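1. just to be clear, the model below is a prediction. Sequence and coordinates:
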Amino acid sequence: MSSTVGRLSRRISVFLALLALGGCAGGMTSAECSGANWYDLGYRDARYKMQSRADQYADQCGRHGVNVDAARYEQGLREGRYDFPDRMT
């Protein structure tokens with residue numbers, strides 16, 4: 001039962017991250033940048049078969065004076081690719 005709750009929790013987290021990022025054409029807001037969990041964003045991007053977006057996040061968040069933790073983002077991306085190899089080409 002707890003593994004079901006864990007999967008549901010992760011899906012909800014991914015859904016919320018997608019809502020936060022997907023709806024704005026102009027990029028991330030200041031609040032989104034300062035509150036971002038860079039590992040989770042990298043993991044989510046890998047899960048959805050995206051290439052690294054660290055440079056895009058750095059550009060968007062740099063406008064708000066927020067530095068991206070690129071190392072944590074890339075770690076999440078690597079681990080997401082490992083956890084979801086069937087989704088990567």
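-> On my side now, so go ahead.
2. is it true that residue 29 touches residue 63?
-> No: using C-beta atoms under 8 Å, residue 29 is not in contact with residue 63, being 10.0 Å away. (Glycine included, C-beta is placed from N, CA and C.)
3. residue 58 and residue 83, how far apart?
-> Taking C-beta to C-beta, to the nearest Å as the measure, residue 58 falls 24 Å from residue 83.
4. my error: substitute residue 75 in the last question.
-> Applying C-beta to C-beta to residue 75 and residue 83 gives a distance of 12 Å.
5. so these two - more neighbours on which side?
-> More crowded of residue 75 and residue 83, by other C-beta atoms under 10 Å: residue 75, with 15 against 11.
6. where do the strands sit along the chain?
-> Under the criterion DSSP state E, the chain carries no strands.
7. any weak-confidence spans in it?
-> For the chain, residues meeting the criterion pLDDT under 70 lie at 1-9, 12-26, 87-89.
8. ranges for the helices of it?
-> Secondary structure of the chain (DSSP state H): helices located at 2-22, 30-34, 38-47, 54-62, 70-83.
9. list the contacts for residue 29?
-> By C-beta atoms under 8 Å, 6 or more residues apart in numbering, the contact list for residue 29 reads residue 64.
10. what about it, distance to residue 39?
-> 20 Å.
11. what's the burial count for residue 47?
-> 18.
12. what's residue 36 in contact with, if anything?
-> Shown in contact with residue 36 (C-beta under 8 Å, 6+ apart): 28, 57, 61, 68.
13. which one (most neighbours) among those?
-> Counting by other C-beta under 10 Å, top hit in these: residue 57 with 25 neighbours.
14. would you mind measuring from the closest residue to that residue other than its chain neighbours to residue 77?
-> What sits nearest to residue 57 in space, not counting adjacent residues and going by C-beta to C-beta, 6 or more residues apart in numbering, is residue 68, at 4.9 Å. Separation of residue 68 from residue 77 (C-beta to C-beta) stands at 12 Å.
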